[in-house]
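Enquirer: Fold the following, please.
(2 chains)
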Amino acid sequence: MRDVAIVAYGETKIVLRSGRSAYELAGEVMEQILGRTGLDKCEIDGVCVTETLSQTENSFWPQYVCEMLGLSPTWLEVVALGGASPIGGVARAALAIRAGLCRTALVIAADAQPSRPPEQGAHRFEFLYPTGLHGPVGAFGLIMQRYHHLYGLNDAALAKLAVTQRNHGLLNPNACDKLRVPLTEQDYLQSKRVSTPLRLLDSVLVCDGANGVLLTSDDNARRLGLETRVFPTGYAEQTHYNLTEPLAEITDSGFLSAGPRAFQQAGLTPKDIASFHAYDDFFMAVLLQLEHLGFCARGRGCDFILETDLSYRGTLPLNTGGGQISAGQPRLAGGGVNLVEAVRQLFGEGGARQVADRRNALVTGIGGIPYARNWATSAVLILER
Amino acid sequence: MSKEQARTTSRSAPRPNVYMPTQPFWDAAEQGRLVIQCCRASGRFQHFPRPVSLYTGRRELEWREVSGRGTLYSWTVTLSPWPGHEARVPYICALVDLDEGVRVLANLYHCEPEKLRIGMPLRLVWERLDDRFNYPAFAPAGEP
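Expert: Have a look, this model is predicted:
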């Protein structure tokens, strides 16, 4: 459907240990959006914020955000899907606008250094922590080992992803400065293993930052004179895929379920996708998504990566801002990094890394690491001009 | 099953009964028996313990002792430790498919990473944590 549009985006620079709070970072994003659209703040009557790590002890975080930013919404929601929250927020905001709960919605994500480590609790004290599995890094080590057993994991493909995304990050002024240094395939291959076979450079650097997009009805966008519009034409998510199969294959994911539904909504196929902004907490997740979303057959992901030009000038531009791995992951706001980059590209504002084909973009999100699985939520968003 | 190679480590001990009553699991472990939640209606196992059956959504659950036999589903050698596990590096975390049809996350002992093969048979061993808990772990079935 093309009745609701993304009309603006904002993003702070991604910074390692910024010393700033999620509130302050969020304020910078809103100011950017107001500045770019020329809108008065009072036009924003819907707000969707992502859950954070830094403010998670505050059960009233969404209201605090609005109070802090001077917003009095008629629709307010918090989305807690981890890295899938920002694109999940876009889908929810579009529904709220269609339902008449609000007219113009700010979907915003901001996160910073928590004052103490957040604790997920539950079964983890008994059945996870005593084993010493190193969080997501350990979980992806298990996934990579399993994939290697089934299909063979080609290090050259992962190295190519690392270099491709780093080259993109070098062209992204918002990328974390620490990551804005050239990287070679040898650098990737020689980076130390943290949880075999996973290397340090397979994963993200955790940073501070914020990002957001503004949605409104297409009619209202015209009324406000907002000419640049991108339409969310397909969205699907899946949480806890195959949960009732205790021996489920961990190289299967919810993208096998969410992908076809999102493509069907948009009336597109993987061959139609002009650029792919894949959720990249780990390169292994990108490899699996290429297979699960149908860009290539199962087990063919490494060959596909090696055979395809994934640069911003290529046939399938991938994570053109560097992705989270080469721009930095602003904690639970990380899911918005690739969302904002996709919108930026479709607006034609990609600068030195602008893709040629900006008909559409595919953005994904991943959130949560369940017990003895891969990830909890898989979300797929298709944007079209 | 007898206790083997009791070890004491400084890592944090389990905290039973935090999110639901799990005492039967730890009581059985203290006797060297691994019990896993089983859905009475479907006869299927589930792990970690939950307040309801994963299969029916109902609370018709019981603790059943399992054989302690399983196979290796996947593993990772942890070189960058989780906090509290620094002294253990390198250590192996594994997904073990029990013969009863349920997957368990556990450490592997008495094995060299180079000799690990997915699908290899494993057997239950117990690790002593904090001198208070028997904690389930696995080892290659053929090793002494």
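
Enquirer: check contacts around the residue nearest to B:Asp130 when sequence neighbours are not counted.
Expert: Of all residues not flanking B:Asp130 in the chain, B:Ala13 sits nearest, at 3.6 Å (C-beta to C-beta, 6 or more residues apart in numbering or on different chains). For glycine as for every other residue, the C-beta is placed from the backbone atoms N, C-alpha and C. By C-beta atoms under 8 Å, 6 or more residues apart in numbering or on different chains, B:Ala13 lies in contact with A:130, B:129-130, B:132-133.

Enquirer: what's around residue 20, how many residues?
Expert: All of this refers to chain A. 18 (other C-beta atoms under 10 Å in any protein chain shown).

Enquirer: actually it's chain B I care about, not the one you picked
Expert: If we define neighbours as other C-beta under 10 Å, then B:Met20 has 14 of them.

Enquirer: do you know how far it is from chain A?
Expert: For B:Met20, the distance to chain A (C-beta to the nearest C-beta, to the nearest Å) stands at 8 Å.

Enquirer: how about the nearest residue to that residue, chain neighbours excluded?
Expert: B:Pro51 (5.3 Å).

Enquirer: Give me the distance between the one you found and A:Val65.
Expert: From B:Pro51 across to A:Val65, the span is 33 Å (C-beta to C-beta, to the nearest Å).

Enquirer: neighbour-wise, which of these two wins?
Expert: More neighbours surround A:Val65 than the other of B:Pro51 and A:Val65, with 26 against 9 (other C-beta under 10 Å).

Enquirer: what sits against the residue nearest in space to the middle of chain B?
Expert: In chain B, the residue lying closest to the centroid (C-alpha atoms, centre = their mean) is B:Pro136, at 4.0 Å. B:Pro136 makes contacts with B:29, B:34, B:104, B:106, B:124-127, as judged by C-beta under 8 Å, 6+ apart.

Enquirer: can I get these in CSV with distance to A:Thr56, neighbour count and secondary structure?
Expert: CSV is the format used below for the contacts of B:Pro136 (distance: C-beta to C-beta, whole Å; neighbours: other C-beta atoms under 10 Å in any protein chain shown; DSSP: H, G, I helix; E, B strand; the rest coil):
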residue, distance to A:Thr56, neighbour count, secondary structure
B:Ala29, 32, 18, helix
B:Leu34, 34, 22, coil
B:Val104, 29, 26, strand
B:Ala106, 29, 26, strand
B:Leu124, 37, 23, strand
B:Val125, 37, 23, strand
B:Trp126, 36, 23, strand
B:Glu127, 32, 21, strand
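
Enquirer: tell me the SS of the closest residue to chain B within the stretch 101-250 of chain A?
Expert: Closest residue of the stretch 101-250 of chain A to chain B, C-beta to the nearest C-beta: A:Gly141 (3.2 Å). Here A:Gly141 is recorded as helix under DSSP: H, G, I helix; E, B strand; the rest coil.

Enquirer: Now name the helix or strand holding whatever residue of chain B ends up closest to chain A.
Expert: Nearest residue of chain B to chain A, counting by C-beta to the nearest C-beta: B:Thr76, 3.2 Å away. Per DSSP states H and E: B:Thr76 is located in strand B:69-78.

Enquirer: same for that strand, what does it pack against?
Expert: Judged by 3 or more C-beta pairs under 8 Å, 6 or more residues apart in numbering or on different chains; DSSP states H and E, strand B:69-78 is in contact with helix A:135-151, strand A:193-195, strand B:91-98, strand B:102-108, strand B:121-129.
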